[in-house]
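Q: model this:
(one chain, ligands or ions: 2)
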Amino acid sequence: MLDEQMRNILQQMPKAELHIHIEGSLEPELIFALAQRNSVSLPYASVDELRKAYDFTDLQSFLDIYYAGASVLLKEQDFYDMTAAYLARAQADNVRHAEIFFDPQTHTARGVPFETVINGIWRACQDSPVSATLIMCFLRHLSEDDALATLDEALPFRDKFIGVGLDSSEQGHPPEKFCRVFERCRQLGLRLVAHAGEEGPPAYIETALDLLNVERIDHGVRCLEDAELTARLAREQIALTVCPLSNIKLRVFDTMDEHNLLQLLDAGLAVTVNSDDPAYFGGYINDNFLSAFDSLPLGVEHARTLARNSFSAAFLEGEAKRGYLNEVDRFFQQATASKD
Ligand SMILES: Nc1ncnc2[nH]cnc12
Ligand SMILES: [Zn+2]
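A: Numbering: from 1, shown residues only. Ligands and ions are numbered 1, 2, ... in the order given. From the prediction side, this is the model:
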């Protein structure tokens, strides 16, 4: 059991969230409200029935329901409301900065214009006291040509997103499928990340680094299966955006006691803790911290490291980054002062 002081530290420490799919923050209540507002019919009779369907066996079983949930998003205001709800929840968890993924192809394939998606999400970010930037993800189960066409559609809005990522079904869709589009993005000065080593093998982490030139790996927990790769990730301080509750819900690990978060930290990796798809996986970022610290032998020093890592790995300007890191250091000085 976590003691009161540790709970308070985890909840109150300033933190950045670097792995959150905005469509994965769509709570069942909002799905039903938007379905009614937009006259979309859902294959579930009630919020409770929908929630009961959140019993996943792997990544694909989740993605099927996640894409169905996103079908209620049609108007710019829908994207605004979803993003505003996430940012309010993040603020309550003392998130100071969020780098938010969005999946435009999920919406443009249904006939929703790209500008509707990005303008709604972006406007909510502008209106929030939480610092928030956007990372556009390409769906890896679709073709690279589709990703290239999406990039073309996105370019008129280049000032509204800072980077690109790669998500959706990992197995059978290796990073190298997207070499050309990532190279174009690199030349455009976009920051690069990719999901790798969630369900896919450690080799996908290597190719994401070497062939896509990504700067951070989303998930990456399977890296420990390859000692050389682990040593490289530690040496180069490549950040891993780990999502503990997601990994349990999608059965990457059977239970939180078996999660490898502590081994990753002990290997000297630049680990961060994040929520992934909080509406589907049983909690927001603080729930992820609380659950992991409750089940694993992690203490105050680990919390400090994870809070610092979240800002160090963020795509922030030097001065802003130093400001947040100082805030973390002051927080931990005060939080631990009473014990000295
Ligand atoms: N955990 C995850 N892995 C891959 N694609 C995703 N899209 C939303 N959540 C995802
Ligand atoms: Zn993810």
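Q: Show the model's pLDDT score for the residue of the stretch 101-250 of the chain found nearest ligand 1.
A: Closest approach between the stretch 101-250 of the chain and ligand 1, counting by Cβ to the nearest ligand atom: D167, at 3.5 Å. C-betas here are computed from N, CA, C, even on glycine. You'll see D167 listed with a pLDDT of 98.
Q: begin at 51 from here
A: I'll keep to 51 as the first residue from here, and by that count the last item is D217.
Q: what's around it, how many residues?
A: D217: 25 surrounding residues under other Cβ atoms under 10 Å.
Q: what secondary structure does the nearest residue to it once chain neighbours are set aside sit in?
A: Residue nearest to D217 in three dimensions, not counting chain neighbours: C187, with 4.5 Å by Cβ to Cβ, 6 or more residues apart in numbering. Of the three states, C187 takes strand under DSSP: H, G, I helix; E, B strand; the rest coil.
Q: hmm, back to that, what's near enough to touch the residue of the stretch 151-300 of the chain closest to ligand 1?
A: 71, 151, 153, 187-190, 245, 268 (Cβ atoms under 8 Å, 6 or more residues apart in numbering).
Q: With pLDDT, distance to ligand 1 and neighbour count added, can I get those in TSV?
A: Below are those laid out as TSV (pLDDT from 0 to 100; distance: Cβ to the nearest ligand atom, whole Å; neighbours: other Cβ atoms under 10 Å):
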residue	pLDDT	distance to ligand 1	neighbour count
H71	98	4	29
F151	99	7	24
D153	98	7	24
C187	99	7	25
F188	98	11	26
L189	98	8	21
R190	98	8	24
H245	98	5	31
D268	98	7	28
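Q: list the contacts for Y94?
A: Per Cβ under 8 Å, 6+ apart, neighbours of Y94: 100, 103.
Q: gap between it and T355?
A: Taking Cβ to Cβ, to the nearest Å as the measure, Y94 falls 41 Å from T355.
Q: again with F82
A: Taken as Cβ to Cβ, the span from F82 to T355 is 40 Å.
Q: S121 too?
A: For S121, the distance to T355 - Cβ to Cβ - is 40 Å.
Q: and what of R57?
A: When R57 is compared with T355 (using Cβ to Cβ), they lie 18 Å apart.
Q: ditto for S345
A: 18 Å.
Q: remind me which residues of this protein are low pLDDT?
A: The model of the chain has pLDDT under 70 over residues 388-390.
Q: near ligand 1, which residues of it show up?
A: Where the chain comes near ligand 1, counting by Cβ under 6 Å from any ligand atom, the residues are 71, 74, 109, 116, 217-218, 245, 248, 296, 326-327.
Q: In strands only, show me the residues you listed.
A: Using DSSP state E, the members of those that fall within strands are 71, 217, 245.
Q: To what extent is L92 buried, counted in neighbours?
A: So L92, with other Cβ under 10 Å, has 18 neighbours.
Q: Under a three-state scheme, what state does it occupy?
A: coil.
Q: pretty sure it is touching Q86, no?
A: No. L92 is beyond contact range of Q86, at 9.6 Å (criterion: Cβ atoms under 8 Å).
Q: Contact partners for S360?
A: Residues counted as contacts of S360 (Cβ under 8 Å, 6+ apart) are 65-68, 322-323.
Q: Tell me the most packed of those residues, by neighbour count.
A: Of the contacts of S360, with other Cβ under 10 Å as the count, K65 tops at 31 neighbours.
Q: who touches that one in this structure?
A: 143-146, 335, 356-357, 360.
Q: Apply 7 Å and report the result again.
A: By Cβ atoms under 7 Å, 6 or more residues apart in numbering, the contact list for K65 reads 144-146, 335, 357, 360.
Q: Same question for D196.
A: Residues in contact with D196 (Cβ under 7 Å, 6+ apart) are Q155.
Q: Any figure for the gap between it and D268?
A: According to Cβ to Cβ, D196 and D268 sit 20 Å apart.
Q: does Y104 count as helix, strand or coil?
A: coil.
Q: right, and it touches F331 too?
A: No. In this structure Y104 lies outside contact range of F331 using Cβ atoms under 7 Å: 8.3 Å.
Q: higher neighbour count, the two?
A: Counted by other Cβ under 10 Å, Y104 and F331 do not tie: F331 has more neighbours, with 23 against 18.
Q: Next, count neighbours for D260.
A: 11.
Q: So which of the contacts of D217 is the closest to D131?
A: Closest approach between the contacts of D217 and D131, by Cβ to Cβ: H71, at 16.3 Å.
Q: ok, the closest one - contacts?
A: 151, 153, 217, 326-327 are the contacts of H71 under Cβ under 7 Å, 6+ apart.
Q: Which pair of these spans the longest distance?
A: Between all members of these, the farthest pair (by Cβ to Cβ) comes out as D153 and D326, at 13.0 Å.
Q: who's in contact with the residue nearest to D217?
A: So C187 contacts 151-153, 214-217 (Cβ under 7 Å, 6+ apart).
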